[in-house]
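Q: let's see this in three dimensions:
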Amino acid sequence: MAMMYQPELETMPRTELEALQLERLRLVLERVYARVPLYRDRFGEAGVKPSDLRTLADLTRFPFTRKQDLRDHYPLGLLAVDQREVARIHGSSGTKGKPTLVAYTKGDLDRWSEIVARSIVTAGGRSGDVFHVIYGYGLFTGGLGFHYGAERLGMTVVPVSGGQTARQATLMEDLRPRGIAGTPSYCLTIAEHMRAEGKDPRAIGIQYGIFGAEPWTEEMRQKLEDAYGLKAMDVYGLSEVIGPGVGIECIDAQEGLHIAEDHFLVEVIHPETLEPVPPGTYGELVFTTLTKEAMPVVRYRTGDVAALIPEPCRCGRTHVRMTRIKGRIDDMIIVRGVNVFPSEIEAVLFATEGLAPHYQIVVEREGGLDRLTVFVELDVVWARQAGDPADSGVEQALCARVASRLRDVLGLSTDVRAVPAGSLPRSEGKAVRVIDRRHVYA
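A: Next comes the predicted model:
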């Protein structure tokens, strides 16, 4: 049996778990119906009341919640407690509009730290570890979420936050953390900085990394594991539901993210028909919180695309798993009628020898037609061994090979261009992978 933080909950038989979920779900529906005008009105419009919930399947009769609902009731119009009971406020980054704020009672914060502590153990952490937190602190839930979860577990927390790459590397070398947590793209940037300084990131001795806050691929996992000599675990969370800890991969199998089903009820729906899809089918993730006090959400549409894995994991945990996030519905690019997720392009690039793990996708419209260009950098060591790739034609051949592979995977032609090493932007948080310039020509 794998090491667990709360084995009595993590290995609970499905019948017992579903009975617990039903009991908690009834309380949530009663709570929001009585205390949140939005839900009382929406339930009335749908012709349902909390008493109509007799089985978990009955939840599909209840209306969805959307991010826009939080924005329309900004700042805290969806509170289910008196504001004097609010202990902390977090929020989204607000990169696509006004930030969405979420509130926590002291009880919420206590449960959240417990959920994150469980997640860290699932990923290989343990009491006494030095744990280097690279996620941003502040309104973003990543930094403080992992900070308090790690302290709950009894770890030594290094609260570095994002940025200051040279300092990140120095602290890692000097404090030798057993675990790190941050966005995968920025953690690769730190490793790149260390190698440029003639140092080996693998010499630090990091055993596990918890990476999230942006979609990433199996190929990215390989890059991270090769760079640091660690095992890379995917983590999932969003502020509207609670923050990090909603789901995480186990270090034992790394085969899907275990969802904390005693706290969150998950569905996957078709984003257009809004009907449930079968297990294993990709669709939009929908979450209902089961234990949040300050701001519960019912059937919250996340916009994230994934599939569910109902079979128990070989680690012994019985909670349902989800695949890694394929992308976001609003980040999907439609090019000449073809749906393209950046993660599909990343998978091809990261599997190609000779390319550095940095890229940018630009979509433009020329003469009424969409044009997709992928900018890449050559791996410095590979380029050095190839002599002068540009003059020898090696660079051109590599780009042509990548373009051919992308055409096979995506079903449309792309232009692949190599740019000088270090010229693509490096993010200290979530990487900006796509630039869509088509509105310029609209």
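
Q: work out for me the element Gln21 sits within.
A: helix 14-35 (DSSP states H and E).

Q: who does that helix touch, helix- and strand-wise?
A: Secondary structure elements in contact with helix 14-35, counted by 3 or more Cβ pairs under 8 Å, 6 or more residues apart in numbering; DSSP states H and E, are helix 37-46, strand 283-289. C-beta: built from backbone N, CA, C; applies to glycine.

Q: pLDDT on that helix, on average?
A: Across helix 14-35, the average pLDDT comes to 98.

Q: next, the buried residues of it.
A: 17-18, 21-22, 24-25, 28-29, 31-33 (16 or more other Cβ atoms under 10 Å).

Q: how about the helices of the stretch 201-350 of the chain, start to end?
A: 218-228, 342-350 (DSSP state H, counting those that start in this stretch).

Q: of those helices, which shows the lowest average pLDDT?
A: helix 342-350 (a mean of 91).

Q: got the domain ranges for this structure?
A: 1-329, 332-441 (automatic domain parsing).

Q: deepest of those domains, which one?
A: Ranked by mean neighbour count, the domains of the chain are led by domain 1-329 with a mean of 19 (mean count of other Cβ atoms under 10 Å).

Q: distance from that domain to the middle of the chain?
A: 8 Å (Cα atoms, centre = their mean, to the nearest Å).

Q: for the remainder of this discussion, apply numbering that starts at 55.
A: New numbering, starting at 55: the last item is domain 55-383.

Q: who touches Asp288 in this structure?
A: Residues in contact with Asp288 (Cβ atoms under 8 Å, 6 or more residues apart in numbering) are 265-266, 270, 275, 302-303, 311, 378.

Q: just the residues you listed: which are in strands?
A: Judged by DSSP state E, these include 265, 302-303, 311 as members of strands.

Q: neighbouring contacts of stretch 463-480?
A: Contacts for stretch 463-480 (Cβ under 8 Å, 6+ apart): 240, 243, 389-390, 392, 394, 398-399, 401-402, 410, 412-414, 425-432, 434, 437, 443-444, 449, 452-454, 456-457, 460-461, 486.

Q: try it again with 7 Å
A: Contacts of stretch 463-480 with the rest of the structure, by Cβ atoms under 7 Å, 6 or more residues apart in numbering, involve 243, 389-390, 392, 394, 398, 402, 410, 412-414, 425-432, 434, 449, 453, 456-457, 460-461, 486.

Q: cool, and stretch 229-241?
A: Against stretch 229-241 from outside (Cβ under 7 Å, 6+ apart): 178-179, 183-189, 200, 212, 216, 258-265, 267-268, 270, 274, 278, 481-485.

Q: distance between the ends of that stretch?
A: By Cα to Cα, to the nearest Å, the extent of stretch 229-241 from end to end equals 17 Å.

Q: and if you look at stretch 184-204?
A: Taking Cα to Cα as the measure, stretch 184-204 stretches 9 Å from start to finish.
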